[in-house]
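# what's the 3D shape of this:
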Amino acid sequence: MSAKEHRDEAARRPPSIAAPDWWIYRGTGRPIHDIALADLLPAPPPWRTFHGVPLPEPDMPPEDNGDGDRRLGVECHLAERDVDHREVRMVNAALYLRRPLLVTGRPGTRKSSLAWQVARELRLGRVLCWQIASHTTLKTGLYGYDAIGRAQATAASAAGRPETLAQDSAIGEFIRLGPLGTAFLPSRLPRVLLIDELDKSEADLPNDLLSVFEDGEFTIDELERIRGRTPEVPVFTSDPERIATIYGGRVRCRAFPFVVITSNGEREFPEAFLRRCLRLEMRDPDANMLAAMVANHVLDEHGNHRDRLVAEFVERSVANGGLPADRLLDAVYLATSGAYDAGDPDWPHLVDALWRRLDHNPGQ
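Predicted coordinates for the structure are as follows:
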């Protein structure tokens, strides 16, 4: 689709589109007010109901400490008429059905940003981010146990006080829940979990995730072995300065987390895994969405350069088979920071370098 076709499509949109009554998430990024998500979200299907206990006190997700502002900007300028209804429908379906959402698309189409947008709009606090690498295993996402550190601490303690050698409770000081494990702690509201770039994982990881997604629980082997002597053990979590108490060595959710799994489409996933996920293909952002993104970051608030750069970016993106949207932000920032001069002959070369295709060889 050409840049002109993008503009024509935007012009044909109706002035406003009424959101269906069943939508909880609206896609604008504006936080809900005056009503709690727990009152909006209906009960889960019987086959997706979990009974993790006890609920923590206080039962509130931690603040995101500015992560959302860095990802999305400090303001919300996207109008409901410019929202991608396909995207919003699938997010709401995942919320209702308590199913992971597998988000595919080329790089730069805001796949990972969707997690922060849902967290901001539904006021679900800090996003738990699990970045996948080639060596990532299921256990690294669930929890880590520092056996060497505990052995050294036990030896040092025993040298001075032999009676402390068998203290099971100290084991919690050497266990930290990973992002996946933290997301499944029992809570009244769902946590938002981003599993980023699952393409990079080893072949077994997608299938390994199925048991956690289906059962809504997992076991910490080191704590299960001592549950008869020490049924309650406090451990560290992936949330800064937060500790959770594990009962009987088992973690079981109450509210299934809202899980966003991103993929660049570089590999096929097992059928069993795909069957348990809802799937969303992200489209390239159009000119209206790009303009809103710039405004969200309070760049070029008077629009002196924004409209021209957005139009040029859309045209270049179409011609080059797609460009990452964050490169537009880079160009607008340079244009509004005082580094840009309308008469600078070097500016077109700088923009060309910023907007070069990711697979383009700069030496060519």
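# ranges for the strands of the stretch 151-300 of the chain?
For the stretch 151-300 of the chain, strands defined by DSSP state E, counting those that start in this stretch occupy the ranges 175-177, 192-196, 217-219, 232-236, 243-247, 250-252, 258-263, 278-281.
# dump those into TSV; add distance to residue 35, mean pLDDT and mean neighbour count as well.
Bear in mind the C-beta positions are built from the backbone N, C-alpha and C, glycine included. Compiled in TSV, these are given as follows (distance: least, CB to CB, whole Å; pLDDT from 0 to 100; neighbours: other CB atoms under 10 Å):
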stretch	distance to residue 35	mean pLDDT	mean neighbour count
strand 175-177	31	97	22
strand 192-196	19	98	25
strand 217-219	30	97	18
strand 232-236	33	96	18
strand 243-247	28	96	17
strand 250-252	28	97	19
strand 258-263	18	97	25
strand 278-281	25	96	17
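# distance to residue 155 added to these, as JSON lines?
Output for the strands of the stretch 151-300 of the chain, formatted as JSON lines (distance: least, CB to CB, whole Å):
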{"stretch": "strand 175-177", "distance to residue 155": "19"}
{"stretch": "strand 192-196", "distance to residue 155": "37"}
{"stretch": "strand 217-219", "distance to residue 155": "28"}
{"stretch": "strand 232-236", "distance to residue 155": "21"}
{"stretch": "strand 243-247", "distance to residue 155": "25"}
{"stretch": "strand 250-252", "distance to residue 155": "29"}
{"stretch": "strand 258-263", "distance to residue 155": "41"}
{"stretch": "strand 278-281", "distance to residue 155": "50"}
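# go through stretch 328-339 and flag the buried ones.
Of all the residues in stretch 328-339, those buried under the rule 16 or more other CB atoms under 10 Å are 328, 329, 331, 332, 334, 335, 336.
# ok, now stretch 209-225?
Counting neighbours by 16+ other CB under 10 Å, stretch 209-225 gives 209, 210, 212, 213, 216, 217, 218, 220, 222, 223 as buried.
# what's the answer for stretch 139-152, then?
Buried residues in stretch 139-152 (16+ other CB under 10 Å): 139, 140, 141, 142, 143, 145, 150.
# which one of those is nearest residue 261?
For the buried residues of stretch 139-152, the closest approach to residue 261 (CB to CB) belongs to residue 141, at 11.8 Å.
# need the three-state assignment for that closest one.
helix (DSSP: H, G, I helix; E, B strand; the rest coil).
# quick one: contacts for it?
130, 178, 179, 180, 181, 195 (CB atoms under 8 Å, 6 or more residues apart in numbering).
# from the buried residues of stretch 139-152, which has minimum pLDDT?
Least confident by pLDDT among the buried residues of stretch 139-152: that is residue 150, with 85.
# give me the element that one is part of.
Per DSSP states H and E: residue 150 is located in helix 147-160.
# residue 171 contacts residue 221, correct?
No - Residue 171 lies out of contact with residue 221 (CB atoms under 8 Å); the separation is 11.5 Å.
# so where's the stretch 51-200 of the chain uncertain?
158-169 (pLDDT under 70).
# helices of that one, start to end?
Under the criterion DSSP state H, counting those that start in this stretch, the stretch 51-200 of the chain contains helices at 67-72, 85-97, 113-121, 138-142, 147-160, 179-183.
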